[in-house]
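*Asks:* Take a look and give me a structure for this.
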Amino acid sequence: KLLRLAPEVHEALRIAAVFGSQCQEGIFQALDRDPRRLGSTMAAIHVAVAEGLMSKVDGPAYCFSHDQIQCAAYMLIPESEREHFHLEIGRLLWQQLSASADEMENYLFVVVDQLHRGICHITDHDEAINLAQLSFMAGQKAAGISAYLPASAYLQSGISLMRETDWDVHRKLCFDLHNLCAEIEYVLGNFDDVQNLATKVLQRGRTLQERLRAYYVLVRTSASQLNTVVSFDMAVTALGQLGECIPGTVTQLEVQQELKKTLQLLGQKAETDLKKLKTIADTNKIEAMRYYSIMLLFVFSDRPQYFPLIACRMVQLSLSHGVCKDSAVGFAALGMCLVGLVGDTEGSYRLGKEVA
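*Replies:* Numbering: from 1, shown residues only. Have a look, this model is predicted:
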């Protein structure tokens with residue numbers, strides 16, 4: 001039945017088949033905007049619908065009436081040409097959709113998927129860099145909806161397009177791809193990949209800001225593997241570079257001094273003042289709060305003497321520089337210390353109530 005149809009219908013079915021069992025109507029419309037196209041893909045799809053090969057569904061979209069029909073339509077593309085065919089479809093969509101940010105956002109996954117399936121035929125490095133940027137955007141979007149496996153695939157493909165010289169020429173993109181990919185691999189539990197990606201970032205990083213995300217994901221990775229010694233040492237190193245000195249040992253006297261200092265700072269603030277604390281602006285202090293927050297999770301059991309020290313430091317930073325999302329962790333940890341170390345249940349309750 002397929003062979004009896006007109007050539008333009010064959011072409012439309014081949015295009016539809018590269019997207020799988022279903023394709024959104026907007027994709028066909030975007031392809032038809034190409035001035036080089038002689039016929040109308042939408043008109044040919046309507047013929048396929050009339051022949052019972054496809055049907056229109058909600059979306060609006062068009063789907064093949066049976067998986068075998070989609071397979072047969074895909075077989076119309078010679079095997080040796082399939083990768084290049086995917087690439088050309090991806091390029092056409094990229095060209096037609098790039099003028100509209102909303103359309104590109106809507107069909108980002110579709111465009112990147114097609115381009116990736118023909119990635120081996122990309123020889124122009126400028127095009128490869130542009131695709132790497134698109135891959136990063138797709139990875140970000142996938143991560144935002146918790147689709148971590150697709151996010152990993154997009155980011156790994158983006159990394160594969162980069163050359164060693166791009167660490168100098170396209171520096172930000174290289175760091176963005178490697179850092180986000182390391183964070184995604186951490187979520188997936190691929191700790192060896194995290195180590196490899198983060199280590200490369202640390203090797204290439206020239207400034208503290210370029211290395212901070214890699215340090216942070218390595219701290220989390222080591223802690224997740226119960227290697228808290230490495231995790232602690234790495235966090236202390238990063239905090240030291242951020243201007244936050246953590247002593248090698250902590251005595252009971254030092255803990256008491258930190259508690260006293262923190263409670264004095266709190267005493268200078270009225271209840272209304274605590275509720276109106278400004279948002280922290282110093283990026284180094286924000287990063288320090290992130291490191292302190294993750295450290296609290298494992299020092300509680302492994303190095304309990306550091307728990308009150310870190311809680312106090314977090315509250316001190318929040319009171320003197322402003323609050324961030326990790327400030328709540330610091331105030332809650334200080335409340336625990338007030339109960340456990342001082343026996344001040346009422347003060348702990350008041351603290352929690354004031355900052356809630």
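*Asks:* Run a quick neighbour tally on residue 222.
*Replies:* 22 (other CB atoms under 10 Å). Backbone N, C-alpha and C define where each C-beta goes, glycine included.
*Asks:* For it, pull up the helix or strand it's in.
*Replies:* helix 208-224 (DSSP states H and E).
*Asks:* try residue 151
*Replies:* helix 148-160.
*Asks:* Contacts for that helix, please.
*Replies:* Around helix 148-160, the neighbours that count as contacts under CB atoms under 8 Å, 6 or more residues apart in numbering are 109, 112, 116, 119, 131-136, 138-140, 142-143, 177-178, 180-181, 184-185, 187-188, 190.
*Asks:* The helix holding residue 222 - contacts with which helices or strands?
*Replies:* Helix 208-224 is packed against helix 171-188, helix 191-204, helix 228-241, helix 283-302, with contacts defined by 3 or more CB pairs under 8 Å, 6 or more residues apart in numbering; DSSP states H and E.
*Asks:* Can you dump the C-alpha atoms of the helix holding residue 151 in CSV for me?
*Replies:* This file holds the C-alpha atoms of helix 148-160, laid out as CSV (Å, rounded to 0.1, in the frame of the first residue of the first chain):
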residue,chain,number,x,y,z
TYR,A,148,17.9,12.6,34.6
LEU,A,149,18.7,9.8,32.2
PRO,A,150,17.9,11.9,29.1
ALA,A,151,19.6,14.9,30.7
SER,A,152,22.8,12.8,31.1
ALA,A,153,22.6,11.7,27.4
TYR,A,154,22.2,15.3,26.2
LEU,A,155,25.1,16.5,28.3
GLN,A,156,27.4,13.7,27.4
SER,A,157,26.7,14.3,23.7
GLY,A,158,27.4,18.0,24.2
ILE,A,159,30.7,17.2,25.9
SER,A,160,31.7,14.8,23.0
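*Asks:* Tell me what angle it forms with helix 191-204.
*Replies:* 40 degrees (axes from the mean of the first three to the mean of the last three CA atoms, to 10 degrees).
*Asks:* List the buried residues in helix 148-160.
*Replies:* 148, 150, 151, 152, 153, 154, 155, 156, 157, 158, 159 (16 or more other CB atoms under 10 Å).
*Asks:* Low-confidence bits of the stretch 1-150 of the chain, can you list those?
*Replies:* Low-confidence segments of the stretch 1-150 of the chain (pLDDT under 70): 1.
*Asks:* Going along the chain, name the strands of it.
*Replies:* Using DSSP state E, counting those that start in this stretch, the strands found in the stretch 1-150 of the chain span residues 22-24, 54-57, 61-64.
*Asks:* a markdown table for those, including mean neighbour count and distance to residue 328?
*Replies:* A markdown table is the format used below for the strands of the stretch 1-150 of the chain (neighbours: other CB atoms under 10 Å; distance: least, CB to CB, whole Å):
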| stretch | mean neighbour count | distance to residue 328 |
| --- | --- | --- |
| strand 22-24 | 18 | 42 |
| strand 54-57 | 16 | 46 |
| strand 61-64 | 20 | 44 |
